[in-house]
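> sequence? don't have it. structure:
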């Protein structure tokens, strides 16, 4: 049986087995989250981050802010689980050096670098990463050009929005049905001159 209790900003998760117990953290603001990262990013292997639901009435960092702070220290988010009716927990870990950044996270990093928030240890590395140009796949571009209204509207969108949405479509390349679904949705929304909001507050960078 899973049990938990709050203690000094932490929530201790117990599975009735001391070996299996894990500690997760609850932060009311991004300042405290950044302090934890500053103190632990080089030594900790993971942290389970608590996100209270809106219905809980508890203060919480929004997802996008939590991810931004993690990226400043080369940490990334991954698995998310339900803790109870009022809390979800998400795993944050140091980024594997062999993994790649999603386009959404690259756009976050660009913003963070411009705002001098990236830890100095990673500034040069991130700057080098962002120096590579984004390649727009020809077949996707040709599809957009196939409709005059779509192409006209598309050209008025911000470059950041274009990169994020096209990268999202391209990520499904090896799944033909999903690829077509994402592409068609983007074309339809673009024809209506509508922006796709996306997930987790990514529209902040549009």
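Right, received. Where do you want to start? All figures in this text were calculated on a predicted structure; none of them were measured in a lab.
> only C-alpha atoms for contact and neighbour calcs from this point on.
OK.
> which elements pack onto the longest strand seen in the chain?
Secondary structure assigned by DSSP state E gives strand 75-84 as the longest strand of the chain. Counting contacts by 3 or more CA pairs under 8 Å, 6 or more residues apart in numbering; DSSP states H and E, strand 75-84 is packed against helix 63-71, strand 87-94.
> each with direction, which strands does it pair with?
Using DSSP bridges, the strands paired with strand 75-84 are strand 87-94 (antiparallel).
> give me the contacts around the following helix or strand past the partner strand.
Going down the chain from strand 87-94, the next helix or strand is helix 103-114, by DSSP states H and E. Defining contact as CA atoms under 8 Å, 6 or more residues apart in numbering, one finds that helix 103-114 is touched by 68, 71-72, 118, 123, 126-127, 130, 160, 163-164, 167-168, 202, 205.
> out of those residues, which sit inside helices?
68, 71, 123, 126, 127, 160, 163, 164, 167, 168 (DSSP state H).
> go through those residues and give me the one with the most neighbours.
residue 71 (24 neighbours; other CA atoms under 10 Å).
> flag the shaky bits of this structure, pLDDT-wise.
Low-confidence segments of the chain, defined by pLDDT under 70: 1-21.
> that one - how does it break down into domains?
3-94, 138-205 (automatic domain parsing).
> in JSON lines: the helices and strands packed on strand 75-84, plus distance to residue 150.
Output for the helices and strands packed on strand 75-84, formatted as JSON lines (distance: least, CA to CA, whole Å):
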{"stretch": "helix 63-71", "distance to residue 150": "30"}
{"stretch": "strand 87-94", "distance to residue 150": "38"}
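> tell me the angle the longest strand of the chain makes with helix 63-71.
Using axes from the mean of the first three to the mean of the last three CA atoms, to 10 degrees, the direction of strand 75-84 lies 140 degrees away from that of helix 63-71.
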